[in-house]
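J.: Prediction below, plus the sequence it came from.
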Amino acid sequence: MSIWFVPRDAAARSVGADQIAEALEAQGLEVVRTGSRGLLWLEPLVERADSRDGVRVGWGNVRASDVTACLPEESDESYLGEVEQLDYLACQDRWIYQRVGVIDPVDPADFIAHGGLSGLRRALDMSPDAVVDEVFESGLRGRGGAGFPTGIKWRTVAQQNPAVHAGDPADAPRHKYICVNADEGDSGTFADRMLMEGDPFCLLEGMAIAAHAVGADLGIVYLRSEYPAAIAVLTEAIIKARELGWLGQGILGSDCNFDVTIRVGAGSYVCGEETAMLESLEGRRGMVRAKPPLPAIEGLFGTPTVINNVLTIASVPSILARGAEAYAALGEERSRGTQVFQLAGNIARGGIVEVAFGISARELVLELGQGTRSGRPLRAVQIGGPLGAYLPADALNIPMAYESLAAAGAMLGHGGLVVFDDTVDMAEQARFAMEFCVEESCGKCTPCRIGAVRGVEVIDDLLASDDPAASERLLRDLCDVMTQGSLCAMGGLTPQPVLSALDQFPEDFRVGGGVQSPATRGVSHEQAN
Amino acid sequence: MTHPDSDSPGLRQTILSLAEPIVATEAGPVLLCLQKVQAHYGYVPEGSVSVIAEVCNLTRADVHGVLSYYSDLRKTPPPRVPVRLCAAEACQAVGGRALAKAWRQACESDPELAEDTGIDEPVFCLGNCALGPAALVNDELLGCADVDRLKAAVVIARSKVAL
């Protein structure tokens, strides 16, 4: 009998996947709930195979009414053929996302059958130092945005002694922590969420490898509250992993002791900054700490702490399983391995694309993504979240890698690309960047806290002014202060979208420019309430 | 959902029973205590701050500072069916601003809808950035949202709340 596969991913469910699964189950059919393949414009994407590991064929944009009267057939218009042969998937090189969309995310046997734990088993056979060396040699860098070499961070933590919590007596238990930053607040990014919902054991495996490598005994995943489905899946996976001995005392029969808990965020964007995250984990206001001390030396509760993004940690199991050399062979310059790109916004084929670094933004957005969803001309692409630069349509030949983007005054960030068509008003987007900073600044440093408020005002002045040149000088000066003087990336990078909009789309900043009149363009989401 | 009197001994007892196990086992417990209280009442009732401060051995100002910092934590009861629209860039690119405006108009012309769903509190990114505009109706994530789909989701959510 055929087996049906329906995603349980939040994005698929947001367009009706649950109703399809229910309709199929009501007919007595065997339904496996998987993660999403990441071909999000086709969701709900329903697949069928003759066996659990058989070749899967699929149907895209299925509605519940399509499966209640009769089952999808190969003659249907929505029939896609063999899913893994679709161009969008066939061109990918999945290391992190190898199992996402394939397996039942909370079935440990399915995880193992698809290569799960092979990285951890190899790591536990190696000395901790050798694991750190392997990660260093892979060239893996932090995928949260900063791009710091993971091997160097791990080595620093490995060299520290475990410490008691700050303020505890000297004979209190000593710890090192692995903190996973799953506070994925950047608009246009959803790869952390989909990985946690689609292959949570992969994240836990990566954390256990990190724990072995640096000698940590406790792990925390700081997960944003906006992701309730990810919280539920990861919670279930942690419980199962403990039962199976993948976490806890003596992981997989080794002498490594390591347990993981989840801490849920409370709606603060800046808590994605690593030191603000530590403050939040310690129960305080999520305000940025000055560095030094580095978290690797004095991190959570004053103990040595590895802080890595979800995708960084989730890269580690396959690096250990397939070898650092194979990983480092991918990519270019100091951008090695694969990056999970996320195509978002006004895009015809939005979703997850995991490929080696170096693919151009044009290939991602125009070839794989096939341009705008609206069908109108593409005008701008924002790369790297709300603090990332806007690129005009004619600048998309740029290779997607840390170095090439930095050279162009842009950044990779967390790998999201948000596409806008020609109805976008870039002055409004610049103003929003400042407004967002007003809303989310932690308030610790003045350039960010006050600068963002002034930034909104100066942009309003610029748009209404008789002397726009003077306002523009002031705006550039303000951006310079924020860039140079802010404590963290929130204030330091907010000028990036503002200045890129101003430089690349100056016509939108003239009185009467853009698509809206200056009288209406400044009305924000909140103010209009 | 109960609406406790801020000075009632019942409130104090409840908050103690929620906070004390956290303080006994967790380092840095303040945010966890506030989240636990909110999970219980739907918000953080007046009078909670001093009890949590006492249990955590901190000043009321310390606890109030945490309560006022995080946008998830609320000091008033939530609407029956909270509706939150994504206000971030990826949803802006597919008409998020127009949807927010249309939703406000729908609420203005339907006082019952406005009361049940509350004033739309924007949220910055729900992680559904390829299927925007995105919205949360209660805990239900909606993709490709429009006013009709939002209204339909509110009707379903109302019936669940009523149960």
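T.: All right, it came through fine.

J.: Name the SS class of A:Val221, please.
T.: strand (DSSP: H, G, I helix; E, B strand; the rest coil).

J.: neighbours around it, how many?
T.: A count of neighbours around A:Val221, defined by other Cβ atoms under 10 Å in any protein chain shown, yields 28. Using the backbone N, CA and C atoms, a C-beta is placed for each residue, glycine as well.

J.: And for it, nearest residue in space, chain neighbours not counted?
T.: A:Val180 (4.5 Å; Cβ to Cβ, 6 or more residues apart in numbering or on different chains).

J.: What's the separation between that neighbour and A:Ala489?
T.: Distance, A:Val180 to A:Ala489, by Cβ to Cβ, to the nearest Å: 19 Å.

J.: which residue does the stretch 1-150 of chain A bring closest to chain B?
T.: A:Ser14 (3.5 Å; Cβ to the nearest Cβ).

J.: still on that earlier bit, verify the stated contact: the residue nearest to A:Val221 with A:Leu311.
T.: No: using Cβ atoms under 8 Å, A:Val180 is not in contact with A:Leu311, being 10.0 Å away.

J.: which regions of chain B lie under the pLDDT threshold?
T.: B:1-7, B:120, B:163 (pLDDT under 70).

J.: Walk me through the domains of it.
T.: B:9-69, B:83-162 (automatic domain parsing).

J.: Any idea which of those gets closest to A:Ala344?
T.: With respect to A:Ala344, and counting by Cβ to Cβ, the nearest of those is domain B:83-162 at 3.6 Å.

J.: just how off-centre is the closest one within its chain?
T.: 14 Å (Cα atoms, centre = their mean, to the nearest Å).

J.: That one and chain A in contact?
T.: Yes: judged by Cβ under 8 Å from any Cβ of the partner chain, domain B:83-162 comes into contact with chain A at B:86-94, B:97, B:100-101, B:104, B:119-120, B:122-132, B:134, B:136, B:139, B:141-144.

J.: picking up where we left off before, what's the most buried one of the domains of chain B?
T.: When the domains of chain B are scored by mean count of other Cβ atoms under 10 Å in any protein chain shown, the highest mean neighbour count falls to domain B:83-162 (a mean of 20).

J.: Span of that domain from start to end?
T.: From its first residue to its last, domain B:83-162 covers 17 Å (Cα to Cα, to the nearest Å).

J.: Look up which helix or strand A:Asp93 falls in, please.
T.: Using DSSP states H and E, A:Asp93 falls within no helix or strand.

J.: swap that for B:Val161, please
T.: Per DSSP H and E: helix B:147-162 holds B:Val161.

J.: what do you get for A:Asp259?
T.: Assigned by DSSP H and E, A:Asp259 falls in strand A:259-264.

J.: got the contact list for the closest residue to A:Ala213 other than its chain neighbours?
T.: Nearest residue to A:Ala213 in three dimensions, chain neighbours excluded: A:Val131, at 4.0 Å (Cβ to Cβ, 6+ apart). By Cβ atoms under 8 Å, 6 or more residues apart in numbering or on different chains, the residues touching A:Val131 are A:123, A:209, A:212-213, A:320.

J.: so A:Gln382 sits right up against A:Pro392, yeah?
T.: No: using Cβ under 8 Å, A:Gln382 is not in contact with A:Pro392; the gap is 11.1 Å.

J.: Look at those two and report which has more neighbours.
T.: A:Gln382 (34 against 16).

J.: Report pLDDT for the more buried one.
T.: pLDDT recorded at A:Gln382 is 98.

J.: Which residue is the nearest non-sequential neighbour of it?
T.: A:Val418 (4.5 Å).

J.: what about that neighbour, how many residues close to it?
T.: Counted with other Cβ under 10 Å, A:Val418 comes out at 35.

J.: A helix includes it, no?
T.: No: assessed with three-state DSSP, A:Val418 is strand; it does not lie in a helix.

J.: Which strand residues bridge it?
T.: A:Ala344, A:Gln382 (DSSP bridges).

J.: my read: it touches B:Ala90, true?
T.: Yes: contact criterion Cβ under 8 Å: A:Val418 and B:Ala90 qualify, at 4.7 Å.

J.: and for those two, which residues touch both?
T.: Joint contacts of A:Val418 and B:Ala90 (Cβ under 8 Å, 6+ apart) are A:187-188, A:344-345, B:129.

J.: from these, which single one is nearest A:Glu30?
T.: B:Cys129 (32.3 Å).

J.: how about the strands of chain B, start to end?
T.: Counting by DSSP state E, chain B has these strands, from start to end: B:83-85, B:135-137, B:140-142.

J.: and the stretch 101-250 of chain A, which residues reach chain B?
T.: Close to chain B, as judged by Cβ under 8 Å from any Cβ, the stretch 101-250 of chain A has residues A:165, A:184-190, A:193, A:225-229.

J.: Switch those residues over to JSON lines; also include pLDDT, secondary structure and neighbour count.
T.: Formatted as JSON lines, these follow (pLDDT from 0 to 100; DSSP: H, G, I helix; E, B strand; the rest coil; neighbours: other Cβ atoms under 10 Å in any protein chain shown):
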{"residue": "A:His165", "pLDDT": "97", "secondary structure": "coil", "neighbour count": "17"}
{"residue": "A:Glu184", "pLDDT": "96", "secondary structure": "coil", "neighbour count": "29"}
{"residue": "A:Gly185", "pLDDT": "94", "secondary structure": "coil", "neighbour count": "23"}
{"residue": "A:Asp186", "pLDDT": "95", "secondary structure": "coil", "neighbour count": "32"}
{"residue": "A:Ser187", "pLDDT": "95", "secondary structure": "coil", "neighbour count": "30"}
{"residue": "A:Gly188", "pLDDT": "96", "secondary structure": "coil", "neighbour count": "34"}
{"residue": "A:Thr189", "pLDDT": "97", "secondary structure": "coil", "neighbour count": "28"}
{"residue": "A:Phe190", "pLDDT": "98", "secondary structure": "coil", "neighbour count": "35"}
{"residue": "A:Arg193", "pLDDT": "98", "secondary structure": "helix", "neighbour count": "26"}
{"residue": "A:Ser225", "pLDDT": "95", "secondary structure": "coil", "neighbour count": "17"}
{"residue": "A:Glu226", "pLDDT": "95", "secondary structure": "coil", "neighbour count": "27"}
{"residue": "A:Tyr227", "pLDDT": "96", "secondary structure": "coil", "neighbour count": "25"}
{"residue": "A:Pro228", "pLDDT": "95", "secondary structure": "helix", "neighbour count": "16"}
{"residue": "A:Ala229", "pLDDT": "96", "secondary structure": "helix", "neighbour count": "19"}
